[in-house]
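**Q** predicted coordinates and the sequence they were generated for:
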Amino acid sequence: MAIVAQCFHDFSVYMCTDYEGRRCRTYKETYKSWFNVFKRYNYNITSVTRKLCLKIQSFLRFKGFEYMSTKGLPNNVINEAEAILNVNFPNSLRCLLLSMDGQPENCIISGLQHQEYRGFIGTYWTCNTFVCSKLLSLREICSFTIDLRLSVPCFPANLVSFGCSLDASKIYFINVHSGDIFITSKDFRLNSEVMLCTPISVRGEMSLICWLAKLSSNLHTGKSCLIQNPIKAIFQGGLAANSLYHHGCVPIPELSSFASDEFTYVAFICIDSEYLSLYNNIYLCASHKSKSNVNDTLLHKFSIWFGSQEEYCYDGRTYGVMTKKFTLEVPLCTVWVACKSESETLTKSLDVSFLDYMF
C-alpha cells in the first residue's frame, strides 16, 4: 500500500498505468515510469503541478466541459518545440505540458445566451462583449509565439505565449529565463508592453504554479464566472443566494497601460428584480484604494442605470444585472455599491488590484 500512496502523493496517479497510459503489472512499475519522466524537475513543482492539473481537469469534466486535454506530452516532443523556438522552457511550463497539453485547438463550449465560446480562464461579460481565454496546446504555443515575433515590434525573445483569448486581445506569456508570468496591455501591439500576472511577492518558477492554484480556486468557488454569468455563480457556489444583492469587479489588462497610468475595470451589480422598486437610487462608486473611509477619497460615482442592463431568470425568479466599465489612473481601487431608499442606505465594498492575480 505504501507504493500506491507514493504514486498518488508524488504524481497524483491512482491507477496502475504508466505515463503513456499503458497498464502496468505493479504499482512499482507505475511509479518508475512516472519518476523517469519527471525526475529532472524540482519535486515541489512536479507534485503541485500534477495535483493542480488533476483538480482542474476533474472539475471541468464534472461540470460537463469535455474539452480539456487529459494527457500530457513526452519530454522529447517538448524538446522539439524548444528547438523550434530556440529557447529552454522553465521547469514549471514543462511540468504543465507533461501533465496536460492545453486545450484542443477546436474546443468550443456552449456559453451565455446560446452563444459559443472557448476557454475557461478569466471570463467576464460586459457591454455586449464576452472575453474568455484558453490554455494553448504546444502546437499553438509554437505557432502563436512565432507569429508574435514577426508581427509585434521589439517583441522580447524571452517571452513564450501559453494562453490567449479568442480575438488574441489578451495573451498570457511566461518568461523562459525567470519563469514569471505576464499579460498583454492595450499598447502591446505598439511597444510590447506587458503586465505581471501575479503579485510582486510571487516571482520565479513558482509564478505559474501560484497562478494555476488561483485559477483552480476561482473555478471551484464560482468566481471565474462572476462577470460571465453572475446568477450561475451565485447559485452554484461561492456566493450566498439569500443576499439582497451581489457585486463584483475585475481589472481589464488588455484595455489598460502602466506606462500611461490608465487602468480599466469592469464592475457589476446583481439584484433580485423584486427589490429594485424599493430603492430610489443604486450607485456604483470607485475610489483610490485606502484604509480610511472610502468617501474621503472618492474618484468617481456612477449611477448604475447608465451602465448596461440585462435580465436573468433562475428558478422562477428574475434578476437584474447591471455592468459598468470605467477607467482610473491608479492600479488599486476600492469599489462599492450604495442602494438608497427613503429609510436606509445599504453599502458593500471590495478591493480590486492590478497588482494581484490577473486573468
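**A** Thanks, I have it.
**Q** after the helix or strand harbouring T30, next one along is what?
**A** In this assignment (DSSP states H and E), T30 forms part of helix 27-38. For helix 27-38, the following helix or strand on the C-terminal side (DSSP H and E) is helix 43-62.
**Q** any idea which helix or strand comes after that next one?
**A** helix 75-85.
**Q** mind listing what's buried along that following helix?
**A** N75, I78, A81, L85 (16 or more other CB atoms under 10 Å). C-beta coordinates here come from the backbone N, C-alpha and C atoms, glycine included.
**Q** ok, residues contacting that helix?
**A** For helix 75-85, the external contacting residues (CB atoms under 8 Å, 6 or more residues apart in numbering) are V37, N88, F89, R94, L97, L98, L138, I141, C142, T145, I146, V160.
**Q** the third one against N175, yeah?
**A** No: in this structure, F89 is not within contact of N175 by CB atoms under 8 Å, at 10.7 Å.
**Q** settle it for me: which of the two has more neighbours?
**A** Remark: of F89 and N175, F89 carries more neighbours, 22 against 19, as counted by other CB atoms under 10 Å.
**Q** phi and psi next, for that one.
**A** phi -60, psi 140 (degrees, to the nearest 10).
**Q** from S137, how far out is it?
**A** 14 Å (CB to CB, to the nearest Å).
**Q** same thing with D167?
**A** Counting by CB to CB - D167 and S137 are separated by 18 Å.
**Q** between those two, who's got more neighbours?
**A** When D167 is set against S137 and neighbours are counted by other CB under 10 Å, the residue ahead is S137, at 21 against 9.
**Q** please name the residues that touch the residue lying closest to that one once chain neighbours are set aside.
**A** Leaving out its chain neighbours, the residue that sits closest to S137 by CB to CB, 6 or more residues apart in numbering is G102, at 4.0 Å. By CB under 8 Å, 6+ apart, G102 lies in contact with S69, K134, L135, L136, S137, L138, E140, I141, F162, G163.
**Q** just give the closest residue to the third one, not the sequence neighbours.
**A** The shortest distance from L135 to any residue that is not its chain neighbour, by CB to CB, 6+ apart, is 4.1 Å, and that residue is G102.
**Q** which SSE is that neighbour in?
**A** Using DSSP H and E, G102 falls outside every helix and strand.
**Q** and stretch 156-171, what's buried?
**A** With burial defined by 16+ other CB under 10 Å, the residues of stretch 156-171 counted as buried are P156, L159, V160, S161, F162, G163, C164, S165, S169, K170, I171.
**Q** so which strand or helix has the fifth one?
**A** Going back to what we said before, that points to F162. Short version, using DSSP H and E: F162 is in strand 159-165.
**Q** M100 - how many residues pack around it?
**A** For M100, the neighbour count with other CB under 10 Å is 21.
**Q** that one reaches K71, doesn't it?
**A** Yes: M100 is in contact with K71 according to CB under 8 Å; the separation is 7.0 Å.
**Q** so what are the domain limits for the protein?
**A** Per automatic domain parsing, the structural domains of the chain span 1-39, 52-221, 237-353.
**Q** E262: what's it in contact with?
**A** The neighbours of E262, taking CB under 8 Å, 6+ apart as the test, are K186, S256, T327, E329.
**Q** max pairwise distance over those residues: which two?
**A** K186 and E329 (14.5 Å; CB to CB).
**Q** please identify which of those two sits among more neighbours.
**A** Shown here are K186 and E329; by other CB under 10 Å, K186 has more neighbours (17 against 11).
**Q** need phi/psi at the more buried one.
**A** Backbone torsions of K186, given as degrees, to the nearest 10, read phi -70, psi -20.
**Q** kindly state the pLDDT recorded for it?
**A** Looking at K186, its pLDDT stands at 91.
**Q** again, but for F268
**A** What the model reports as pLDDT for F268 is 76.
**Q** which helix or strand contains it?
**A** Applying DSSP H and E, one finds F268 within strand 263-272.
**Q** does L219 touch F59 like I think?
**A** Yes: assessed by CB under 8 Å, L219 is found in contact with F59 at 5.4 Å.
**Q** between those two, which one's more packed in?
**A** Neighbours were counted for L219 and for F59 using other CB under 10 Å; L219 has more, 20 against 15.
**Q** so which bits of the helix or strand harbouring that one are buried?
**A** Using DSSP H and E, L219 falls within helix 206-221. By 16+ other CB under 10 Å, the buried positions in helix 206-221 come out as 206-216, 218-219.
**Q** picking that back up, so which of the contacts of G102 is the closest to E311?
**A** So of the contacts of G102, ranked by how close each gets to E311 (CB to CB), first place is K134, at 28.8 Å.
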